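Asker: Fold the following for me, if possible:
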Amino acid sequence: MTHTKTITAALTSLLLTTGLTTGLTVTGGAGASAAEVPDPISTSAPDAEVEFGFLGTYETGQFDESAAEITATYGDTVFTVNAQAATVDIIDASDPTNPTKTGEITGTGVANSVAIRDDGLGVIALEDADKTQPGTLMFFDANSPEATVLGSVTVGSLPDMVALTPDGTRALTANEGEPADDFSTDPEGSIGVVDLPAEVAAPSQDAVRIADFNDFEESGSKTLPADVRVFGPNPDGDLPVSRNLEPEYITVAGGKAYATLQEANSVAVVDIASAEVTEILPLGFKDHGQPGNGLDPSDRDPEDAPTINIAEYPGLKGTYMPDTISTFSAGGTDYLVTANEGDSREWGDFSDAARANDLGDDGLAPVCESSPLADRLGDDELGRLNVITDLGLSEDGSCYEELYSFGARSFAVWTTDGQLVADSGDEFERLTAEANPDFFNSNHSESNLEGRSDDKGPEPEALTIGEVGGTTYAFIGFERVGGIAAYDLSDPAQPTFATYFNNRDFSVSVEDEIETAEDPAALLASAGDLGPEGITFLSPDESPSGQAALVVGSEVSGTTSIYSIADLSNGGGGSDAGADDNAGAEADASAGDNAGADSTAGSDDSAGADADASGADETAGAEADASAEGTTAATGSTAGSQDADGSDAKGTDADAKGTDADASGSSASADAQGADPGASADSADGGDENAGSLPRTGADLGQYLLMGALAVGLIAIGVIAFVVTRRKR
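Answerer: Numbers count the residues shown, from 1 in each chain. Predicted structure coming up:
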């Protein structure tokens, strides 16, 4: 963005030195964090113990070109896949408020994924220019500023994701094996297992082993479960299972790799030591007819009718089809976590998707008259929903008894043998509708209302797991409407929503405006982060800010952004946050050794933190008013949460959160920019922008007046010198 200097550099320096401010804009230079929007969308649970804030961003200036996708970090350096430029960008994030590109890594083909070992051995997954041909893994040294390339090895077709085992001894690749765009050929999907050297060096080709799916063919030695979805043309005439299973993403737990087979609605289990696919786990289907599992399937509601209609539909099933997968442990048990995005296959003349009201036309069977969905196919209900054409048919294939949609609009927790433990139900649509109803189910490239209701809703795609304040959280990114949701995984069977943050300005619809914009880059920057594709979690020890953080690559805005994660669990205070955009928290502790601070949920649109300890203004994030020295304020809050079937699963009575309110005020402040939650909201000068500084006195005022007079004098001298010089000319 271009900025205008409004005062001279000399005067600016002088005023900043004296501590005075002008209220005018000073040039920030090329490193300005232009992608921070003025009013990010935010909502939290009443008892949330984490809170997001925006730190900074690196902008490529490329719109909807996949210029920022998967991210990885090493020290204070971020590596971001830039598919638009077929490179990996090297970004210095030592100042997280101003990430700056310092270089790039270029290989042969298209970069899809990046991962980095603890000692700096980096690896990039590269698909071939002809995606049906074998791809490569390229290795580099992240310790060198230019990320020196060390060598490469060949793996399977279209390596879409690369992961490292926790011990760093192996690299694993999800070789997706997509068909040619015209479906003239369809390579096999597979998992690559690459043994890595102990030193920072590239492995040799003989370190590569490929785990394929050949044993699951009809004549193979292993049984393919019936619910594993295998479908579509077979242009090569052989290996229909191996060619149709397309690994998407990988996680590791207990010596095994788990790879999502998105279109097949399954997960492949790989024994890493033997590089063998041992089993395939079908994930089954979500029942959208059950309470709590509703969805809004229409982008065309009747005129003057409500636009947000999340409802249950008996006979409609959701097909999980996860993209990202991760893992965590609780109580000594490993669990899998999936972001249930959904995906269709459309290559050449083949497509497995159709709108529900098109069934019965173009060679497709109709919906059975006996189906509970038969009278719900109007445009205001299921008529415009994209459904899967090869699922739900009657035994004779004459009509659809049930309908199956793409994805589940949720995230889910599974056992490592594929049993569903928990599903977030319809919470994603409900929380985004509450947080920003005017742009519910918006698309990412343009701002609209319900643009994605007829497809996959908010479309959960990015996912990572991290621990903040001793609690394990899942962080899920919504590809379409945008934003990141955090869920507490303390009880794997009942994940609970904590907070949601969306650094997006919906008043800017880039797709609609960019062609006529005078400054397209400025327009794009003003929109914020569009289409989160990859998330990397940083613990406080790993984060350049010293606070837990997320690094988010957003493919539509082409931005790599850093979000802080404030830990409110220690000294975070009672939560007063409702579902508003600027939820704050207030804990009002009166005198007494164990003063109680009630947490009251609010839903006011502009509810903020009422920092009242000594006159703090509206920018304070939390308030605790303690009147007695040494008072310990115990907060109490009751939070309701819904389980996957929509019942009121639990009311958590969280007592004694341990907020310490000292004699001077609360230790429970976390502002919208992710400030340290342990900072006091009760500053000596009333909690304004100079909170924490010494109080100003009459002597200070005299100094300011003196400095101001000097500034005026210097300006006058400069003007006189300028006039004299002009006259001499």
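
Asker: can you give me the helices for the chain?
Answerer: Counting by DSSP state H, the chain forms helices over residues 9-18, 240-244, 427-435, 510-513, 520-527, 698-728, given from the N-terminal end onward.

Asker: got the buried residues for the fifth one?
Answerer: Within helix 520-527, the residues that qualify as buried are Ala521, Leu523, Leu524, Ala525, Ser526, Ala527, counting by 16 or more other Cβ atoms under 10 Å. Bear in mind the C-beta positions are built from the backbone N, C-alpha and C, glycine included.

Asker: quick one: which of those is nearest to Asn265?
Answerer: Ala527 (33.6 Å; Cβ to Cβ).

Asker: Go ahead and confirm the closest one touches Asp505.
Answerer: Yes: the pair Ala527 and Asp505 passes the contact test of Cβ atoms under 8 Å, sitting 5.6 Å apart.

Asker: overlap in contacts of those two?
Answerer: When contacts are counted by Cβ atoms under 8 Å, 6 or more residues apart in numbering, Ala527 and Asp505 have Val37 as shared neighbours.

Asker: burial of Gly363, as a residue count?
Answerer: When neighbours are defined as other Cβ atoms under 10 Å, Gly363 has 6 of them.

Asker: got a pLDDT number for the residue most central in space within the chain?
Answerer: Taking Cα atoms, centre = their mean, the centroid of the chain lies closest to Gly477, which sits 2.8 Å from it. Here the pLDDT value assigned to Gly477 is 98.

Asker: got the contact list for it?
Answerer: For Gly477, the set of contacting residues under the criterion of Cβ under 8 Å, 6+ apart consists of Ala339, Pro460, Glu461, Ala462, Leu463, Gly483, Ile484, Pro532, Glu533, Ile535, Val552.

Asker: 10 Å instead?
Answerer: Taking Cβ atoms under 10 Å, 6 or more residues apart in numbering as the criterion, Gly477 is in contact with 324, 339, 458-464, 483-485, 502, 529, 531-535, 550, 552-554.

Asker: Give me the subset of those residues lying in strands.
Answerer: With strands taken from DSSP state E, the overlap with these comprises 339, 460-464, 484-485, 502, 532-535, 550, 552-554.

Asker: Output the below-cut-off pLDDT ranges for this structure.
Answerer: 1-35, 571-729 (pLDDT under 70).

Asker: I'd say Thr559 and Gly534 touch.
Answerer: No: with contact defined as Cβ atoms under 10 Å, Thr559 does not count as touching Gly534 (11.8 Å).

Asker: Need the residues touching each of those two.
Answerer: Taking Cβ under 10 Å, 6+ apart as the contact rule, the neighbours common to Thr559 and Gly534 are Ala68, Thr80, Val552, Gly553.

Asker: what's the farthest-apart pair in those?
Answerer: Taking Cβ to Cβ as the measure, the shared contacts of Thr559 and Gly534 reach their widest spread between Thr80 and Val552, a distance of 9.9 Å.

Asker: hey, what's in contact with both of those two?
Answerer: Ala68, Thr71, Glu533, Gly534, Thr536, Thr559, Thr560.

Asker: contacting residues around the closest residue to Glu312 other than its chain neighbours?
Answerer: By the measure of Cβ to Cβ, 6 or more residues apart in numbering, the closest residue to Glu312 outside its immediate chain neighbours is Gly294, 4.6 Å from it. Under the criterion of Cβ under 10 Å, 6+ apart, the contact partners of Gly294 comprise 288, 309-313, 316, 409, 425-426, 429-430, 646.

Asker: Now restrict the residues you listed to buried residues only.
Answerer: When neighbours are counted using 16+ other Cβ under 10 Å, the contacts of Gly294 contain these buried positions: His288, Asn309, Ile310, Glu312, Tyr313, Leu316, Arg409, Gly425, Asp426, Glu429, Arg430, Gly646.

Asker: Redo those as CSV? Include distance to Pro495.
Answerer: Listed next are the buried ones among the contacts of Gly294 as CSV, based on distance: Cβ to Cβ, whole Å:
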residue, distance to Pro495
His288, 19
Asn309, 25
Ile310, 19
Glu312, 21
Tyr313, 24
Leu316, 24
Arg409, 15
Gly425, 10
Asp426, 14
Glu429, 16
Arg430, 15
Gly646, 14
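
Asker: what's the span of stretch 268-284 from first residue to last?
Answerer: Using Cα to Cα, to the nearest Å, the end-to-end distance of stretch 268-284 comes out at 14 Å.

Asker: same check, this time on stretch 185-205
Answerer: The straight-line separation of the ends of stretch 185-205 (Cα to Cα) is 26 Å.

Asker: Please spell out which residues along that stretch are buried.
Answerer: Under the neighbour-count criterion of 16+ other Cβ under 10 Å, stretch 185-205 has 186-194, 196, 200, 202-203 buried.

Asker: ok, back up a step: closest one to Gly237 out of the buried residues of helix 520-527, please.
Answerer: The shortest distance between Gly237 and any of those, using Cβ to Cβ, involves Leu524 and amounts to 46.6 Å.

Asker: My read is that that closest one contacts Ala68, right?
Answerer: No: at 11.9 Å, Leu524 does not count as touching Ala68 under the criterion of Cβ under 10 Å.

Asker: what is in contact with those two at once?
Answerer: With Cβ under 10 Å, 6+ apart applied, the overlap between the contact sets of Leu524 and Ala68 consists of Glu59, Thr60, Gln62, Val556, Ser557, Gly558, Thr559.

Asker: ok, now which ones touch the nearest residue in space to Leu261 that is not next to it in sequence?
Answerer: When the adjacent residues along the chain are set aside, Leu261 lies closest to Leu245, with 5.1 Å between them (Cβ to Cβ, 6+ apart). If a contact means Cβ under 10 Å, 6+ apart, then Leu245 has 176-177, 188-190, 212-213, 216, 224, 228-230, 239, 259, 261-264, 266, 268, 277, 280 as its contacts.

Asker: run the last query once more with 6 Å
Answerer: The neighbourhood of Leu245, defined by Cβ atoms under 6 Å, 6 or more residues apart in numbering, consists of Gly189, Phe213, Leu261, Ala264.

Asker: I'd like those as a markdown table, with distance to Asp396 appended.
Answerer: As requested, these are exported to a markdown table (distance: Cβ to Cβ, whole Å):
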| residue | distance to Asp396 |
| --- | --- |
| Gly189 | 32 |
| Phe213 | 31 |
| Leu261 | 29 |
| Ala264 | 25 |
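
Asker: Widest-spaced pair of those?
Answerer: Across the contacts of Leu245, no pair lies farther apart than Phe213 and Ala264, at 10.0 Å, counting by Cβ to Cβ.

Asker: ok, residues contacting stretch 362-381?
Answerer: Taking Cβ under 6 Å, 6+ apart as the criterion, the residues outside stretch 362-381 that touch it are 298, 300-302, 314-315, 354, 356-357, 359-360, 382-383, 399-401, 403.

Asker: So among those, which ones count as buried?
Answerer: Using 16+ other Cβ under 10 Å as the burial test, the contacts of stretch 362-381 include 298, 301, 315, 354, 356-357, 359, 382-383, 399-401, 403 as buried.

Asker: what pairs with Glu346 across the strands?
Answerer: Each beta-bridge partner of Glu346 is listed here: Ser351, as defined by DSSP bridges.

Asker: what about it, how many neighbours?
Answerer: When neighbours are defined as other Cβ under 10 Å, Glu346 has 12 of them.

Asker: How about the one 4 residues further on?
Answerer: With neighbours defined by other Cβ under 10 Å, the count for Phe350 comes to 14.

Asker: who touches it in this structure?
Answerer: Here Phe350 is in contact with Phe183, Pro233 (Cβ under 6 Å, 6+ apart).

Asker: One more: Thr536?
Answerer: Thr536 makes contacts with Thr71, Thr73, Val551, as judged by Cβ under 6 Å, 6+ apart.
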